[in-house]
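Novice: Compute the structure for the input listed below.
(3 chains)
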Amino acid sequence: MIDWLAAHAPTLKHWLILSSALFAIGLYGVLARKNAISVLMSIEIMLNSAVFNLIVFNRYIAPKGADGQVFALFVIAVAAAEVVVGLAIFVTLFNRRKTLDVTQVAAMKD
Amino acid sequence: MEENWKCLSELSWLIPGLPLLGFVLVGLGRRWLGEKLSGWLATLLVGGAAGLAVATAWTYFGYFGIGGKGPTVVAWSLPWVSYQELLKVSVGVLIDPLSLMLMVVVTGVSTLVHLYSLGYMAGDSGFSRYFAFLNLFTFSMLGLVIAPNLLQMFVFWELVGASSFFLIGFYYTKPSAVAASKKAFIVTRFADLGFLLGILLLAYYGFLMFQDLDSLQSGAYTSAGLQVLDFEYLTSLAVVNRFMELQGGTVLTVALVLLFMGAAGKSAMFPLHIWLPDAMEGPTPVSALIHAATMVVAGVYLVARLFPLFAGSPSALELVMVVGAFTSLFAASIACTQDDIKRILAFSTLSQLGYMMLALGVASPAFPLGFTASTFHLFTHAFFKALLFLGAGSVIHAVHSNNIWDMGGLAKKMPFTHAFFLIATLAIAGIPPFAGFYSKDEILLAALTSGHTWVFGIGLLVAGLTAFYMFRLYWVTFIRPPSSKAAEHAHESPWLMIVPMNVLAILSVVAGWVHFDDYVNSGFQYMVDHDSRVPLLASGAAVIGIGWSAVLYLGQKVKATAVARAAGALYRLIKRKFYVDEIYQFVTHQVIFRFIASPVAWFDRQVVDGLMNLSAAATRAMGVGLRTLQTGQIQTYSLWFIMGGMLVIFSIWITFYPY
Amino acid sequence: MAVAMSTVFFYLLGALALFFATIVVGSKRIFRGAVALMAVLAATAGFYFLLGAEFLAGIQLLVYVGGVVVLIVFVVMLTGSLGLMEDTPSFGRQVVAGLGALNFFLPVFGVLQFSALPEISHEAVALPGADVIGELLLNFGKSGYVMAFELISVLLLVALIGGLVIARKGGQRREEPT
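Specialist: Next comes the predicted model:
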């Protein structure tokens, strides 16, 4: 059993497929959801899978270096900043329009 | 003497520099300076330049002596453009007798005209602007005169044209002035095209032979710092000889004809003369300075400057002679029929310029008298023609009309103006001992001794015609009884206008007494056998002209109208200036505009604009179509983005996948 | 043993992550989605552990689970009235979004299947830890990231101030018509 498990240990391909599956789910959320907060959460999933990729590549391509981790750190920091600003916008939007439905917010169209 | 000369030649850049300073100061600071101060400042600076020019001329002839051909000195120069080692152009100050003579004339006449303008333009709303432009003109004319090479001359040549444009169109609210300034600019610009092509031709072949000739003469050119476009290089004997050998002299002839085209444009020679009569729309002192005494002689100056080159091409010289002779006769006959005082003077200027060209044309290395005669006439003509214009300005100032038939009886009302005008009229008519007599006599002598008898005949005829039309003008304006209220109540002009006229009147008398040949000559050796018949014939023709005009215009009834009626069609032809303007009008409007300009305009409007409009319409239609895709929903956009991005990435992968 | 353990954890955590991710994007109630997001992020931290990046796993837990998700929950509470919590996309919308997601996933899956990826040992390797990362971040030599680090600090500050300014109660501003 252990040997079988060891023989079927996840390879780079498995990790990448997992991360792209997570990304695809996030993408679905971004495209489908109408609530702005849900969209933001879906974006977080996508970002997270991208960061995940960086770590995977760090582990499998250059296990001696830490550059992938540093990049991941940066992306996490930027994502945090993005969440802060995004949420602040939502709060303002809600205060003004009493809605968070992104399909209702299309003033930029005209 | 040597110290004086060194000092003055080092300061020679100040001669054009002072008027430039005046232009900058007056042009920029006219609001702070006020009208009176800016006018006087401009006058003083040009006066300073005049003083400097006279002093330079004095020391030059004192230092180098008179009698022979004075040396050419580049007193000051500054590298300007250097294309490669042997192809460089400098700006500088060239001093030789010819340029000195013109420097003195330009600065002198300019100073007097400035002074006169202080009175003439008083109260005009554009007073300081006028003086700024006048200074600009003086600067550019001086830059042209002192140019040591063709390129600098061309630049200032254009600058002179531009300042002339500003000054002709000085009364820019008057449509006729605007049209005249445009006409002058376009016609001279067209001629300058030939000038530029001629420069390019000379520069090209001059450059090709430079190194060869230089090494043949063991580096004489390079050690003297000569450049390809320098007059001194182009007119040196070796270059002229080489040019004469070059394809049998064809290149030289073509280049010189092109250069002469530019000269003819500026000096208003026959087919390109149409701008000068119209240029009289400018203020009268401007006509005196630019369109009589200085700018229009630039063409003569150019030909004189390049005379050794012209001497290498007899056919080019022949063209100069024919054009000059024809223009002088043509313009003199028109001047007999005009009624506008300034236009009469303008056609008289044309005629006299033709005279100068004619004199240059009959000159040759064997008979170089024409060269001196031409420059001598240029010198004297500048004074009496400027005086005539200033006198006309004074009359116009008093009568407020340009038509001579509105004047009359001004001899008593304006005694000073009358006296000065009479002196100038006698001078231009060629009555001894006034200046015009001597220079005209020399021109006629040059034509006769060089064997151009028919040119001599034309010259004699023109001399008679000149006396006729000038005295016609004089009789009608000053002697005949007044024919309008304004003429009856005319007053003498202020002293600011009288003084410059007085100075010019003195010069119009004494300028002819100079033995000019000692100062300015072509450098070719020659012997003159003075023919005592020539002065007799010349003054005889003048007296006959004066007599005829007195008969026709001095009686109670003007008999000229009867003569005009008898001449019929010929008179009308001349009166309408041989319909040259109409021919130009026809050619430009009916031929060029209709067959070249309007098809181009049609093509532009229909095809070029049509294509533009079509693309605009297509963009618009696409926009309307794409508008439905613009939902304003970020999610829709991101869907398209994902689809497109994946398409791109997938196609890249497919392309580069290592099968 | 460790390799076998990692295999087990990979599939277990992978299944968990995918499951909670579908809840995030699919649940009607946003609050539930936020909690599921926390689980997804935590599972990702587990992945980091499996990959040997313990420091990153800690950061992930701290920043995402402890920071971002809590922030989201706050905002959900702030803007929360029950009607707004409901989010039911129409069927057509779901189909289009699903197609968009598949359009991403299937090509990537295909590419990964047909690509010759480097086969590297699956032995558990400990990636360089916080010490090395810290050195890299503050190293201004050839391979250092101090410039990016400083920029990120400024970005965070800007985001902080920007968030404050945007979300500030704009009392003086006129209410816009909805």
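Novice: In this structure B:Ala411 contacts B:Arg480, no?
Specialist: No - at 9.6 Å, B:Ala411 does not count as touching B:Arg480 under the criterion of Cβ atoms under 8 Å. Every residue, glycine included, has its C-beta placed from N, CA and C.
Novice: Compare neighbour counts for the two and give me the winner.
Specialist: Of the pair B:Ala411 and B:Arg480, B:Arg480 is the one with more neighbours under other Cβ atoms under 10 Å in any protein chain shown, namely 22 against 17.
Novice: so is the closest residue to that one other than its chain neighbours in a helix, a strand, or just coil?
Specialist: Distance criterion Cβ to Cβ, 6 or more residues apart in numbering or on different chains; nearest residue to B:Arg480, sequence neighbours excluded, is B:Gly408 at 4.3 Å. Under DSSP: H, G, I helix; E, B strand; the rest coil, B:Gly408 falls in the coil class.
Novice: residues near B:Gly408, how many?
Specialist: Neighbour count of B:Gly408, defined by other Cβ under 10 Å: 22.
Novice: And for B:Ser90?
Specialist: Neighbour tally, B:Ser90, other Cβ under 10 Å: 20.
Novice: Can you tell me the SS state at the residue nearest the centre of chain C?
Specialist: When Cα atoms, centre = their mean is applied to chain C, the residue found nearest the centroid is C:Leu41 (5.8 Å). Classification of C:Leu41 by three-state DSSP places it in helix.
Novice: wait, doesn't it sit right on C:Val65?
Specialist: Yes - assessed by Cβ under 8 Å, C:Leu41 is found in contact with C:Val65 at 5.3 Å.
Novice: Now do the same for the residue nearest to B:Arg480: its pLDDT.
Specialist: B:Gly408 is assigned a predicted lDDT (pLDDT) of 74.
Novice: Thought B:Ala486 was touching it, still the case?
Specialist: No - between B:Gly408 and B:Ala486 there is no contact under Cβ under 8 Å: 10.4 Å.
Novice: What count of nearby residues applies to B:Leu614?
Specialist: If you count neighbours by other Cβ under 10 Å, B:Leu614 ends up with 10.
Novice: what does the one 4 residues further on give?
Specialist: Here the number of neighbours of B:Ala618 (other Cβ under 10 Å) works out to 10.
Novice: where's it, which helix or strand?
Specialist: helix B:609-627 (DSSP states H and E).
Novice: What separation do you get for B:Leu573 and chain C?
Specialist: B:Leu573 sits 85 Å away from chain C, going by Cβ to the nearest Cβ, to the nearest Å.
Novice: That residue: what's it in contact with?
Specialist: Neighbour list for B:Leu573: B:Tyr579 [criterion: Cβ atoms under 8 Å, 6 or more residues apart in numbering or on different chains].
Novice: now the helix or strand hosting B:Phe456, how far from the centre of its chain.
Specialist: For B:Phe456, the host element (DSSP H and E) is helix B:453-474. Centre-to-centre, helix B:453-474 and its host chain are 23 Å apart (Cα atoms, centre = their mean, to the nearest Å).
Novice: Just give the nearest non-adjacent residue to residue 16, would you?
Specialist: Reading this off chain A. C:Leu112 (5.5 Å).
Novice: could you do chain C instead?
Specialist: Closest residue to C:Leu16 in three dimensions, ignoring its sequence neighbours and counting by Cβ to Cβ, 6+ apart: C:Ala43, at 5.0 Å.
Novice: Equivalent analysis for B:Tyr355, please.
Specialist: B:Ser328 (4.9 Å).
Novice: residue contacts, the one you found?
Specialist: Contacts of B:Ser328 (Cβ under 8 Å, 6+ apart): B:Leu350, B:Ser351, B:Gln352, B:Leu353, B:Gly354, B:Tyr355, B:Met357, B:Leu358, B:Ile458, B:Gly459, B:Val462.
Novice: Try it again at 6 Å.
Specialist: Each residue near B:Ser328 by Cβ atoms under 6 Å, 6 or more residues apart in numbering or on different chains is listed here: B:Ser351, B:Gly354, B:Tyr355, B:Val462.
Novice: which stretch of helix or strand covers it?
Specialist: Going by DSSP H and E, B:Ser328 is in helix B:314-335.
Novice: can you give me the angle that helix makes with helix B:453-474?
Specialist: Put simply, helix B:314-335 runs at 30 degrees to helix B:453-474, going by axes from the mean of the first three to the mean of the last three Cα atoms, to 10 degrees.
Novice: Now do helix B:314-335: distance to the chain's middle.
Specialist: The chain centroid and the centroid of helix B:314-335 are separated by 17 Å under Cα atoms, centre = their mean.
Novice: Would you verify that B:Pro79 is located in a helix?
Specialist: No - assigned with three-state DSSP, B:Pro79 falls outside any helix and is strand.
Novice: Look up the closest residue to it, ignoring the ones flanking it.
Specialist: With sequence-adjacent residues excluded and distances taken as Cβ to Cβ, 6+ apart, B:Pro79 is closest to B:Ser90, at 5.3 Å.
Novice: Surely that neighbour and B:Ser77 touch.
Specialist: Yes - using Cβ atoms under 6 Å, B:Ser90 is in contact with B:Ser77, at 4.4 Å.
Novice: Any residue of stretch C:24-34 touching chain A?
Specialist: Yes - Stretch C:24-34 comes into contact with chain A (Cβ under 6 Å from any Cβ of the partner chain), by way of C:Val24, C:Val25, C:Ile30, C:Gly33.
Novice: which two from those end up farthest apart in space?
Specialist: Spatial extent of these (Cβ to Cβ) is set by the pair C:Val25 and C:Ile30 at 11.4 Å.
Novice: quick one: average pLDDT of whichever strand or helix holds C:Phe20?
Specialist: Here C:Phe20, judged by DSSP H and E, is contained in helix C:2-26. Average pLDDT, helix C:2-26: 88.
Novice: Show me how far that helix is from its chain's centre.
Specialist: Averaged C-alpha coordinates place helix C:2-26 at 15 Å from its chain's average position (Cα atoms, centre = their mean).
Novice: Name the residues of that helix that come out as buried.
Specialist: Under the neighbour-count criterion of 16 or more other Cβ atoms under 10 Å in any protein chain shown, helix C:2-26 has C:3-4, C:6-7, C:10, C:13-14, C:17-18, C:20-21, C:23-26 buried.
Novice: which other helices and strands contact that helix?
Specialist: In terms of contacts (3 or more Cβ pairs under 6 Å, 6 or more residues apart in numbering or on different chains; DSSP states H and E), helix C:2-26 is packed against helix A:2-7, helix A:12-32, helix A:36-60, helix C:30-51.
Novice: Just to check, B:Thr43 is in contact with B:His114?
Specialist: Yes - counting by Cβ under 6 Å, B:Thr43 touches B:His114, with 4.0 Å between them.
Novice: more neighbours, those two?
Specialist: Taking other Cβ under 10 Å, B:Thr43 and B:His114 do not tie; B:His114 has more neighbours (27 against 23).
Novice: Might you report the residue contacts of that one?
Specialist: Counting by Cβ under 6 Å, 6+ apart, B:His114 touches B:Thr43, B:Val46.
Novice: go on, the one 5 residues further on?
Specialist: Counting by Cβ under 6 Å, 6+ apart, B:Gly119 makes contact with B:Pro494, B:Leu496, B:Met497.
Novice: from the residues you listed, which is closest to B:Ala264?
Specialist: Ranked by distance to B:Ala264 (Cβ to Cβ), the contacts of B:Gly119 are led by B:Met497 at 33.4 Å.
Novice: ok, now how distant is B:Leu309 from chain C?
Specialist: Taking Cβ to the nearest Cβ as the measure, B:Leu309 falls 70 Å from chain C.
Novice: helix/strand/coil for that residue?
Specialist: Going by three-state DSSP, the secondary structure assigned to B:Leu309 is helix.
Novice: host element of the residue nearest to B:Pro79?
Specialist: Using DSSP H and E, the element containing B:Ser90 is strand B:87-95.
Novice: roughly how far out does that strand sit from the chain middle?
Specialist: Relative to its chain's centre, strand B:87-95 lies at 22 Å (Cα atoms, centre = their mean).
Novice: cool, stretch A:87-106 as well?
Specialist: Relative to the mean C-alpha coordinate of its chain, stretch A:87-106 is positioned 22 Å out (Cα atoms, centre = their mean).
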